[in-house]
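Asks: sequence first, predicted coordinates after that:
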Amino acid sequence: MLTEKERQKYDRQMMIYGFGEAGQEKLKKARIFIGGAGGLGSPAAIYLAAAGIGTLRIADHDTVELSNLNRQILHWEEDAGGKKVASAAAKLSKLNPDIKIETTAEKITEANASKLVGDADGIVDAVDNLPTRYILNRTAIEKGIPFFHGAVYGFEGRAMTVVPGKSACLNCLYHNARVPKEKFPVIGVTPAVIGCIQATEVIKYLTGLGELLINRILNYDALRMKFTEFTIMPDPGCEHCGKAAGKRK
Amino acid sequence: MSVEVELSSIFGQYTSGLVNMTVKGKTVREALHDLARQYPKLKRMLLTEDGDLMSSYDFYVNGQSVYPKDMNTPLKDGDKLNVLYVIHGG
């Protein structure tokens, strides 16, 4: 049940055809896990908080550095040296005091991912490396909850939604590809676009509106200001969601 | 056998800014090797010493993923081959 304050706050989005008070109540009841409070996690968390997602569970073990500030807009210069989850929680709670922000500064690992995600209804992939993405992809498949993938590099970004049992997963896409661990180039406007696409997918999934970005990856090339879609079919041999993992017949 | 190749803009630094080009080849391998011949600076970026595509890149034929990721995947005249870097930043 929404409060009168919430009705006023979310009035404009409840006006959207098919959204209504029922859609807002779905957002209020939802718990979303955000892996990473950096370049992607900042815009995703800000827009999910503003939209009224009931619980945001944020995991990030890093501390704020000056070199983060060109893109990680949840963190300001005054936060340098502190835990990212602390400054994220402080900003998000001010933006929307009516939602719950849960944080953990534990590093996401194979051993603790399931516990950290807990009873969340979906996972936003806002981490900065492939190995952790594979861990979260597998966790989402094990729990049967969606995985909202995003990644950035320079002026380029990519997004894809994984719905276990219905779509290709991150490993169908990359087949355990490995990339060297490196300091990657990026400008803030790129994760701003991709993080907002991830947040949009979360809202669509929870409200049941529109068509999700499943079985296709959206590639954003900002230098050419071009969006390109590639079809990704589930790989029957996928080690995460295919026959080998006992997830398909 | 003429194949259209489209690369991400990040490759532009090795191709004088070009990201759309035409190459020859009856397989993904032949097409990528012709690409590396035309743009030698790309060779070290894209191909291993064995001439395979490095695992940090991915390719799509006519906008579709290919399983398995086989360099011997056949190509037809007019096919489009996209090569993307497996981006991983967040």
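Replies: Arrived safely, thanks for sending.

Asks: show me what contacts A:Thr161?
Replies: Residues near A:Thr161 by C-beta atoms under 8 Å, 6 or more residues apart in numbering or on different chains: A:146-149, A:167, A:201, A:205, A:212-214. Heads up, the C-betas are built off the backbone N, CA and C, glycines and all.

Asks: and these, which two are furthest apart?
Replies: Spanning the widest gap among those are A:His149 and A:Tyr205, at 13.0 Å by C-beta to C-beta.

Asks: any part of stretch A:58-76 near chain B?
Replies: No: judged by C-beta under 8 Å from any C-beta of the partner chain, stretch A:58-76 makes no contact with chain B; its nearest approach is 9.5 Å.

Asks: which of the contacts of A:Thr161 lies closest to chain B?
Replies: Lowest distance from chain B to the contacts of A:Thr161 (C-beta to the nearest C-beta) belongs to A:His149, with 10.2 Å.

Asks: what residues does that closest one make contact with?
Replies: A:125, A:133, A:137, A:158-162, A:170, A:198.

Asks: what are the ranges of the strands in the chain?
Replies: I'll assume chain A. A:31-35, A:55-59, A:100-104, A:122-125, A:147-153, A:156-162, A:216-221, A:226-231 (DSSP state E).

Asks: looking at chain B here, not the other one
Replies: B:2-7, B:20-24, B:57-61, B:80-85.

Asks: in TSV: these, plus mean pLDDT, distance to A:Ile16 and mean neighbour count.
Replies: What follows is the strands of chain B, written out as TSV (pLDDT from 0 to 100; distance: least, C-beta to C-beta, whole Å; neighbours: other C-beta atoms under 10 Å in any protein chain shown):
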stretch	mean pLDDT	distance to A:Ile16	mean neighbour count
strand B:2-7	97	36	20
strand B:20-24	97	38	15
strand B:57-61	93	34	20
strand B:80-85	95	33	20
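
Asks: closest one to chain A among those strands?
Replies: strand B:57-61 (4.8 Å).

Asks: what's the closest one packed up against?
Replies: helix B:28-38, strand B:80-85 (3 or more C-beta pairs under 8 Å, 6 or more residues apart in numbering or on different chains; DSSP states H and E).

Asks: count residues in the vicinity of A:Phe230, would you?
Replies: 22 (other C-beta atoms under 10 Å in any protein chain shown).

Asks: and for the one 5 residues further on?
Replies: By the other C-beta under 10 Å criterion, the neighbourhood of A:Asp235 contains 23 residues.

Asks: that one reaches A:Ala168, doesn't it?
Replies: Yes: A:Asp235 is within contact range of A:Ala168, at 6.8 Å (criterion: C-beta atoms under 8 Å).

Asks: with adjacent residues omitted, what lies nearest to A:Phe33?
Replies: Leaving aside its chain neighbours, A:Phe33 sits nearest to A:Ala120 (3.9 Å; criterion: C-beta to C-beta, 6 or more residues apart in numbering or on different chains).

Asks: quick check: that neighbour vs chain B, distance?
Replies: Applying C-beta to the nearest C-beta, to the nearest Å, the value for A:Ala120 to chain B is 18 Å.

Asks: and that residue, what are its phi and psi?
Replies: phi -60, psi 150 (degrees, to the nearest 10).

Asks: list the residues that contact it.
Replies: A:31-33, A:57, A:145.

Asks: can you put the residues you listed in a markdown table and add pLDDT and neighbour count?
Replies: Below are these laid out as a markdown table (pLDDT from 0 to 100; neighbours: other C-beta atoms under 10 Å in any protein chain shown):
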| residue | pLDDT | neighbour count |
| --- | --- | --- |
| A:Arg31 | 98 | 18 |
| A:Ile32 | 99 | 27 |
| A:Phe33 | 99 | 29 |
| A:Arg57 | 98 | 21 |
| A:Ile145 | 98 | 21 |
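
Asks: and the two most separated of those?
Replies: Those two in the contacts of A:Ala120 that are separated most widely, counting by C-beta to C-beta, are A:Arg57 and A:Ile145, at 12.2 Å.
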